[in-house]
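>>> return atomic coordinates for the entry below.
(2 chains)
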Number of protein chains: 2
Amino acid sequence: MKVKLVMIGFGTVGQGFAELLLRKKEQLQKHYQLEPSVVAIADLKYGVAVSEQGVALEQALKAVSLEDGFAGAGLAVKNITTEELLKQMDYHVLVELTPTNLQTGEPALSFIRTALETGHHAITTNKGPCALYLSTLLQLAREKQVQFRYEGTVLAGTPLLNLAETGLAGLEIQKVEGIVNGTCNYILTRMEEGMAYQEALKKAQELGYAEANPEADVEGWDAVAKVMILSQALFQHRISKEDVDRQGITDISVADVEEAKKQNESWKLIASVENRNGRIMASVKPQRIPNSHPLAGVKGATNAVTLTTDYLQQVTIVGPGAGKHETGYAVLNDLIAIHQKMA
Amino acid sequence: MKVKLVMIGFGTVGQGFAELLLRKKEQLQKHYQLEPSVVAIADLKYGVAVSEQGVALEQALKAVSLEDGFAGAGLAVKNITTEELLKQMDYHVLVELTPTNLQTGEPALSFIRTALETGHHAITTNKGPCALYLSTLLQLAREKQVQFRYEGTVLAGTPLLNLAETGLAGLEIQKVEGIVNGTCNYILTRMEEGMAYQEALKKAQELGYAEANPEADVEGWDAVAKVMILSQALFQHRISKEDVDRQGITDISVADVEEAKKQNESWKLIASVENRNGRIMASVKPQRIPNSHPLAGVKGATNAVTLTTDYLQQVTIVGPGAGKHETGYAVLNDLIAIHQKMA
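Below you'll find the predicted structure:
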């Protein structure tokens, strides 16, 4: 089946997703009878490329190194706002990949709302709108009988949400906890090897894991946003950032790390949400965990989450938490899932 | 939708599944509109209970402690062979849970074949028929346009196969490797704590992890069967047990374990199947792996498998590899998956 997509945002994740669509074209057709066609791409930097026959993605990818963006790459462009685009185009799925705004969720929130309200499916990798309004957006999607998927908002393409929905179908999830911020885990891992905090942070910045202003990562705010998403996704319970007992990793010293090591333990920034008889307990805190725990062996920028269930004890998933194709794949996974229910 | 099941085998896994059906009844109805009804249970020990309105599972569970089985528990029984039962009953899904036979796959193989050939879906947790003939059974299911699912044959209910099928949909899986035998991992973990091999084995036997004759586990044959299943499930490639480079854990000494520990490594019995440009390489071997690898932190009877993919690097799933409800849940997960495609 031909599935028409409108993409908003053509940064790293958008480009990664576009590359996957090109490289996986035959496989998607063969295994899933899925023929994705990107009928529009809107990006603040490159412009708005529109084609009812499908925007040529090879051209769009070339545009990112050109001064005059999509037009310069020879694509047909339109002078139109994103909101107008979403109202005028004939499409099935919005792919929303604009930068994250954890304060208001905008402008992503409005784009997703518009798509759902007008009866379109939507996919996002954007933490902002999901941390703040996931419950509302899922409710809106149900009312409009469309699908809203957001695998890439937590653990990039590592399929944590898919696991909870499909792999653990029918089980009651009681607790979710894990390492959801790769930057902090990278820093703590380097500190286990003897590096001081500041040195490890600098290294993380050099490798592109940490921003120039690392506060969102090292103070735990990024993990808090993910906890807010998981609470709504797994427990249907909306919480605010004030509901999360938060502490970053900035107070952990090399001596603390050494002390833990001696006792066969490791410091990890653990994000946790638990449903205790209907009461939601959420936290983001550095914790010493025994090396026998599956999360202790998770080193570097890797992410990992343990789900505690009623009849399958604990199941842990470990995988990448960031990356161009790793997050781009989250969108592809969501698209395959949407398509399978569309027929 | 009402889904009629015929269960063959009412041992630990069958009882675990029956208990889950009872405890999850309302949830399955509410979340999945799934109403399972067990119309027959055939067991060599307890007899053949048949009821078109659904066998009372509470009664069936009571029967296991009675001398005269299902009849003694007040259930309607029939004097009929399992083959006849499968031909006469009106049902949707065969749930095949008889003991494993790694030499011929029988009698499970014939039961599954009969069900599929007559247009019924089938679920099994039985390694024998899958290790030997999974490709053939999947081909038969495709021809008959029915589903054949076998989540419980590897890692019990830990959803490894579901992850590969759904969570990693659209990716190319290049390699699968991990800890698929809980008994060996339990023994190696105890040895890391200083216990000798024989003592650790005895402990594993006391806990019910290892059989009185532990050869299938400690010599790696159980892991070989799982490797044969994974090769067919993930690479569509049937291999025989002679194709698997096999070595058990019986030659590993406490000194070996200590030596590894000093170098921050752990001994694990690693099962592995790799697709190297179409050539399948399969092995089951004790390996020293660095403690920074996610599999190193997997201790005791827990299982874990790492999948290497083209665009999502490595994804690892960790969870229970055995247990009454843990394996019973594998059947429930398969049933939910079948039901979702039945409508």
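
>>> A:Val273 falls within a strand, correct?
Yes - using DSSP: H, G, I helix; E, B strand; the rest coil, the assignment for A:Val273 is a strand.

>>> is it in a bridge, and if so with what?
Going by DSSP bridges, A:Val273 is paired in beta bridges with A:Val176, A:Ala282.

>>> need the contact list for it.
A:175-177, A:227, A:230-231, A:234-235, A:280-282 (CB atoms under 8 Å, 6 or more residues apart in numbering or on different chains). In short, each C-beta sits where N, CA and C put it, glycine included.

>>> now with 7 Å, please.
A:176, A:227, A:230-231, A:235, A:280, A:282 (CB atoms under 7 Å, 6 or more residues apart in numbering or on different chains).

>>> what pLDDT does it get?
Note on A:Val273: pLDDT of 98.

>>> now it: how far from A:Cys130?
Relative to A:Cys130, A:Val273 is positioned 14 Å away (CB to CB, to the nearest Å).

>>> do the same with A:Leu94
Distance, A:Leu94 to A:Cys130, by CB to CB: 14 Å.

>>> kindly report the same for A:Gly9.
15 Å.

>>> what is the burial count for the residue in the stretch 1-150 of chain A positioned nearest to chain B?
Nearest residue of the stretch 1-150 of chain A to chain B (CB to the nearest CB) works out as A:Lys24 at 5.9 Å. Neighbourhood size, A:Lys24 [other CB atoms under 10 Å in any protein chain shown]: 22.

>>> contacts only, for it.
A:332, B:170.

>>> repeat that for A:Ala210.
By CB under 7 Å, 6+ apart, A:Ala210 lies in contact with A:183, A:201, A:204, A:217.

>>> which one's the longest helix in chain A?
Secondary structure assigned by DSSP state H gives helix A:324-342 as the longest helix of chain A.

>>> whichever strand or helix holds A:Lys261 packs against which elements?
For A:Lys261, the host element (DSSP states H and E) is helix A:254-262. With contacts taken as 3 or more CB pairs under 7 Å, 6 or more residues apart in numbering or on different chains; DSSP states H and E, helix A:254-262 sits against helix A:182-192, strand A:265-276.

>>> of A:Leu94 and A:Cys130, give the one with the bigger neighbour count.
Higher neighbour count among A:Leu94 and A:Cys130: A:Cys130, with 30 against 25, using other CB under 10 Å.

>>> where's that one, which helix or strand?
Applying DSSP H and E, one finds A:Cys130 within helix A:127-143.

>>> buried set for that helix?
Going by neighbour count (16 or more other CB atoms under 10 Å in any protein chain shown), the buried part of helix A:127-143 is A:127-135, A:137-138, A:140-141.

>>> please enumerate residues in contact with the helix or strand just after it?
Next helix or strand after helix A:127-143 toward the C-terminus (DSSP H and E): strand A:148-149. Applying CB under 7 Å, 6+ apart, the contact partners of strand A:148-149 are A:116, A:122-123, A:137-138, A:141, A:334, A:337-338.

>>> kindly recompute the last result at 8 Å.
A:112, A:116, A:121-124, A:137-138, A:140-141, A:334, A:337-338.

>>> TSV for those, including distance to A:Leu5?
As requested, the contacts of strand A:148-149 are exported to TSV (distance: CB to CB, whole Å):
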residue	distance to A:Leu5
A:Ile112	14
A:Leu116	15
A:His121	10
A:Ala122	10
A:Ile123	9
A:Thr124	13
A:Leu137	18
A:Leu138	21
A:Leu140	20
A:Ala141	17
A:Asp334	11
A:Ala337	14
A:Ile338	10
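
>>> can I get those in TSV with distance to A:Ser292 and pLDDT?
TSV is the format used below for the contacts of strand A:148-149 (distance: CB to CB, whole Å; pLDDT from 0 to 100):
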residue	distance to A:Ser292	pLDDT
A:Ile112	42	98
A:Leu116	45	98
A:His121	43	98
A:Ala122	42	98
A:Ile123	38	98
A:Thr124	37	98
A:Leu137	39	98
A:Leu138	37	98
A:Leu140	44	98
A:Ala141	41	98
A:Asp334	35	98
A:Ala337	35	97
A:Ile338	40	98
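
>>> which members of those residues are the farthest-apart pair?
Pairwise distances across those peak at 18.3 Å for A:Leu140 and A:Ala337 (criterion: CB to CB).

>>> I'd say A:Gln174 and A:Gly278 touch.
No - the criterion here is CB atoms under 8 Å, and A:Gln174 misses it with A:Gly278 at 11.4 Å.

>>> how far away is the residue nearest to A:Lys341 when sequence neighbours are not counted from A:Ala304?
Closest residue to A:Lys341 apart from its sequence neighbours, by CB to CB, 6 or more residues apart in numbering or on different chains: A:Gln147 at 6.4 Å. Distance of A:Gln147 to A:Ala304, given as CB to CB: 27 Å.

>>> looking at these two, which one has more neighbours?
Higher neighbour count among A:Gln147 and A:Ala304: A:Ala304, with 27 against 20, using other CB under 10 Å.

>>> which strand or helix spans that one?
Element membership for A:Ala304, per DSSP H and E: strand A:303-309.

>>> next helix or strand past that strand?
strand A:314-319.

>>> okay, now the sheet partners of that next one, with direction.
In the sheet, strand A:314-319 lines up with strand A:303-309 (antiparallel), strand B:314-319 (antiparallel) (DSSP bridges).

>>> winner for burial among these?
Among these, strand B:314-319 has the highest mean neighbour count (mean count of other CB atoms under 10 Å in any protein chain shown), at a mean of 26.

>>> keeping just the C-alphas, turn that one into CSV.
Output of strand B:314-319 as CSV, limited to C-alpha atoms (Å, rounded to 0.1, in the frame of the first residue of the first chain):
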residue,chain,number,x,y,z
GLN,B,314,23.3,-4.1,19.0
VAL,B,315,20.1,-4.6,20.9
THR,B,316,20.1,-6.9,23.9
ILE,B,317,17.1,-8.5,25.7
VAL,B,318,17.5,-10.0,29.1
GLY,B,319,14.9,-12.0,31.0
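
>>> count the residues that sit near the nearest residue to A:Thr166 once chain neighbours are set aside.
Leaving aside its chain neighbours, A:Thr166 sits nearest to B:Thr166 (4.8 Å; criterion: CB to CB, 6+ apart). By other CB under 10 Å, the residues close to B:Thr166 number 21.

>>> ok, A:Lys241 next?
Per other CB under 10 Å, the neighbour tally for A:Lys241 reads 16.

>>> could you do the one 10 residues further on as well?
Applying the criterion other CB under 10 Å, we find 9 residues in the vicinity of A:Asp251.

>>> could you find the closest non-adjacent residue to it?
With CB to CB, 6+ apart, the residue lying closest to A:Asp251 is A:Pro286, at 7.9 Å.

>>> got any ranges where the stretch 201-343 of chain A has weak pLDDT?
For the stretch 201-343 of chain A, the stretches flagged by pLDDT under 70 are A:343.

>>> from it, which residue is nearest to chain B?
A:Gly297 (2.6 Å).

>>> got the contact list for that residue?
Residues in contact with A:Gly297 (CB under 8 Å, 6+ apart) are A:291, B:291-298.

>>> redo that, cut-off 6 Å
Counting by CB atoms under 6 Å, 6 or more residues apart in numbering or on different chains, A:Gly297 touches B:294, B:296-297.

>>> please apply the same query to A:Thr158.
The neighbours of A:Thr158, taking CB under 6 Å, 6+ apart as the test, are A:319-320, B:315.

>>> looking at these, which is nearest A:Pro99?
Closest to A:Pro99, out of all of those and judged by CB to CB, is A:Pro320, at 20.2 Å.

>>> so that closest one sits right up against B:Tyr311, yeah?
No - using CB atoms under 6 Å, A:Pro320 is not in contact with B:Tyr311; the gap is 9.9 Å.

>>> and the stretch 51-200 of chain A, which of its residues are near chain B?
The stretch 51-200 of chain A has residues A:157-159, A:162-163, A:166-167, A:169-170 near chain B, with proximity defined as CB under 6 Å from any CB of the partner chain.
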